Each structure stands twice: as C-alpha cells, then as structure tokens.
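>>> I'll drop the sequence and a predicted model, then ask my questions.
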Amino acid sequence: MNKILPVIVFSQFVCVSIWFATNAVMADIIRSFHLNSNSLTHLTSAVQLGFVSGTITFSLFNIADRYSPSLVFLMSALVASFFNLCILFNGFGFPGLLLFRFGTGFFLAGIYPVGMKIAADYFDKGLGKSMGLIVGALVLGTAFPHFLKSVTFKFDWEFVIFITSGLAILGGFLVYFFVPVGPYRKPFQKLVGFSLFSGFKDKAFRVAAFGYFGHMWELYTFWAFVPIMVASYNEFYSKAELNVSFLSFLIIASGGVGCVFSGLLSRYFGVKKMAMVSLLLSCLCCLFSPFFLLHCSPVIFILFMLFWGFFVIADSPLFSTLIAQLAPSETKATSLTFVTGLGFAITILSIQFLSVLTTIIDNHFVYIVLGIGPVLGLLAMINKK
C-alpha cells in the first residue's frame, strides 16, 4: 500500500506533461506552421474541448467503473501520447494541429480523473492528502514542458514533444503493472448512462461542484496566459530580461507545493475551510493583479506571480476530495469524471473570453475578470445551509 501512492503520483506527473506540451513550444510551432498569434488560445481550447468530450464519453459509458481503472489509464496514456506525437507532422496544417490536440485531450480524460478514482479506491482515510499529491503531480506535469524548453533551448522544439510522449507511455505502464484494483473499489452493478447526474441530487455534492466550477474559471486560463504575462512584463520593463520559459515553469510548478500544503492543512482545519481560504486568496490575486503586473520591481512581480501560482490550484485537490467523498460509491469514477469535464468546459469559455478581451482592454487589467469564477464559487459555498 505504501508503494501505491508514489506510483500513482509519478505516473500522473509524467502522463499529464503532454497536456501543455504545445504551450511550452508555442512560439516555435507558430513559426514552423506559419500561424498567427491567436493560435495559442485555439490550440489550448482544442485540448480542453477534447478533454470535455472525453469525460462525457467516459462518464456516459461508466468506463472506469465497469473496467479496470489501471487498464483504462494505460490505454488512455498510449493513445494520448500517439496524438501528442502527431503534431510533429506539419503536412496537416492548422486543422490537423487542432484535431491532434483534441485527440490528446480526449484521452487525457482517462488519465487525470481516473488517477483520482484509483487513489479513492486505495485511500479511504487521508484522501485529502492523497489528492493533494495527485493534483500536485498534475501541476508539475503541466509546468514540466516549460522546464524542458528552458533547459533544451539548443535543441529543436520537437525534442519537448518526444520527451513528454515517451514519459506518458512510461507512466501508463507503471500504473498498469504496479497498481492493482484498490480495496475500497465498489463493484459496478449495471450500465446507467444518466448515472453521471446522480451525485447532483445531493446538496452538499452540488455545493462542492459549484465551488470547483468557480475555481476552474480561473485556473487554466491563468496557466495558459502565464508566459504571456511574463513576456508582457519584459516588454513593459525592457531591463527586466526575465527568462519566460523557466519563470513560467516556476510559477506553475509552485502550485504543486500549494496542493501538498493545502492537503496537509486540510487534516487539521477541514477540507471545505481550506478550499474556501485558497479560493479567496487566488480571487484577491485576480482583483489586484494590475498593481503587480505594472510594478517596476521584477522581484515583487515574481513573488506575486509565485504566490498566485501557489494558491490558484491549492483548492483543486480539496474540491476533488469533497466530490469523491460525496459522490455515490458505485459511480464514484463517473461522478469525478463528469464534474471534472464540466469544469474544463468552463475553462474553454474563460480562455476564449479572455482572448477576446485582450483585443479590447489593456492586458495589464484584463486578468481581473478571472476573479468572476472564484467570487461565484465562494458565494455558493458560503450560502450553503
């Protein structure tokens, strides 16, 4: 049992590295495929849309509840890695890139939420801590391509794609061979397509889900725009000369520490309370972002971005814990996958909305709108009686 969690955490880390692999090398992709600057948001939305479509499909057919979660994890990792590699073939043009990113996202639905399901099958007590480590692995995996880009700048951009795909395949096999069916897994009785809605019959489940949805409005849009924020700061203060790739890695990766931190503290202060505190602090970062994005001190700017990156994701494992604990036991994977999918559908709207706003509003002020989600999430949780 003690060896199970490290395997799950490491596998999550390497498998989800393909999620933002293209974002780390976006400038190179734009040059290689002769794309425009709006390609970042479209490719990011494509992988998010694929993930949403995948979660709906996996939920409707109760895939991870009916079949071995470890086998689902492996097959998803193999196919997602294949689609990630496909972007290296530039003969398909931009439509092909969108299709391949969609395919990657679709099968990531069999990795991230299924990994949480596997953890829930093993760790009935201390689930908050386990979820903190797993979501922390997601964060580090998201940041990892930026790190690869910063340390392999002398290599072609394709190197980042090869490395992330190879590691994802490794993670899939590790889970399949070293993580058998968990002791708390409940056998699935029958296929009920609309069982994905069953959790929403419970008010406490709905509140946790709405808090999670508010958090998701902010999270992935922030991650997608972190390199843009750093690059914009360099343009505004030319003497700053910040390393965009490495600093983007540090900012996003700081959230991994935030997940572990919040998971540990939740054991003493409660899961819901820690989720609300984290959501509030990230909300304040959104609202006060113009002051720090315009601050002439690079040190203050970096510290603020690290603080924001720390708390923007710190509540995610806590919401996942609440949802896993409150979901019907016989359809736990389905509920986790479906709620996660709805959350990622919200990220598509947020990313596209912010992209449009950047053409209308000064970029230094546009990130205030990311606070809309946390505000609504907090209101949903505060109003629960």
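In hand now; what should we look at?
>>> so where is this structure shaky, pLDDT-wise?
For the chain, the stretches with pLDDT under 70 are 1-2, 90-91, 124-129, 153-154, 182-201, 329-333, 383-385.
>>> for it, which helix is longest?
helix 203-236 (DSSP state H).
>>> elements contacting that helix?
Counting contacts by 3 or more C-beta pairs under 8 Å, 6 or more residues apart in numbering; DSSP states H and E, helix 203-236 packs against helix 39-60, helix 244-269, helix 271-287, helix 289-293, helix 298-311, helix 316-326, helix 332-357, helix 372-382. For the C-beta atoms, the positions are set from N, CA and C on the backbone; glycine is no exception.
>>> Is residue 10 in contact with residue 174, as I believe?
Yes: with contact defined as C-beta atoms under 8 Å, residue 10 reaches residue 174; the gap is 6.9 Å.
>>> distance of the residue lying closest to residue 261 once chain neighbours are set aside from residue 176?
Once flanking residues are discounted, residue 261 sits nearest to residue 314: 6.5 Å by C-beta to C-beta, 6 or more residues apart in numbering. Distance of residue 314 to residue 176, given as C-beta to C-beta, to the nearest Å: 30 Å.
>>> Show me which of those two is the more surrounded one.
residue 314 (32 against 20; other C-beta atoms under 10 Å).
>>> Now that one: phi and psi?
phi -60, psi -30 (degrees, to the nearest 10).
>>> I'd say the residue nearest to residue 261 and residue 262 touch.
Yes: Residue 314 sits in contact with residue 262 when judged by C-beta under 8 Å, with a separation of 4.1 Å.
>>> Need the overlap of contacts for these two.
Common neighbours of residue 314 and residue 262 (criterion: C-beta atoms under 8 Å, 6 or more residues apart in numbering): 274, 278.
>>> Tell me, how many residues neighbour residue 300?
Each residue near residue 300 was counted by other C-beta under 10 Å, and the total is 12.
>>> likewise residue 95?
8.
>>> now the helices for the stretch 101-250 of the chain?
For the stretch 101-250 of the chain, helices defined by DSSP state H, counting those that start in this stretch occupy the ranges 112-122, 127-151, 158-178, 203-236, 244-269.
>>> And those helices: which comes nearest residue 356?
helix 203-236 (12.1 Å; C-beta to C-beta).
>>> Report the separation between the residue nearest to residue 261 and residue 276.
11 Å.
>>> and what of residue 175?
32 Å.
>>> CA atoms of stretch 266-277 as PDB?
C-alpha atoms of stretch 266-277 as PDB (Å, rounded to 0.1, in the frame of the first residue of the first chain):
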ATOM      1  CA  SER A 266      -6.900  20.100   5.500                       C
ATOM      2  CA  ARG A 267      -6.300  17.400   8.000                       C
ATOM      3  CA  TYR A 268      -6.300  20.000  10.800                       C
ATOM      4  CA  PHE A 269      -8.600  22.700   9.600                       C
ATOM      5  CA  GLY A 270     -11.000  20.800   7.400                       C
ATOM      6  CA  VAL A 271     -11.200  20.300   3.700                       C
ATOM      7  CA  LYS A 272     -14.000  22.700   3.000                       C
ATOM      8  CA  LYS A 273     -12.500  25.600   5.000                       C
ATOM      9  CA  MET A 274      -9.100  25.200   3.400                       C
ATOM     10  CA  ALA A 275     -10.700  25.100  -0.100                       C
ATOM     11  CA  MET A 276     -12.500  28.400   0.700                       C
ATOM     12  CA  VAL A 277      -9.300  30.100   2.000                       C
END
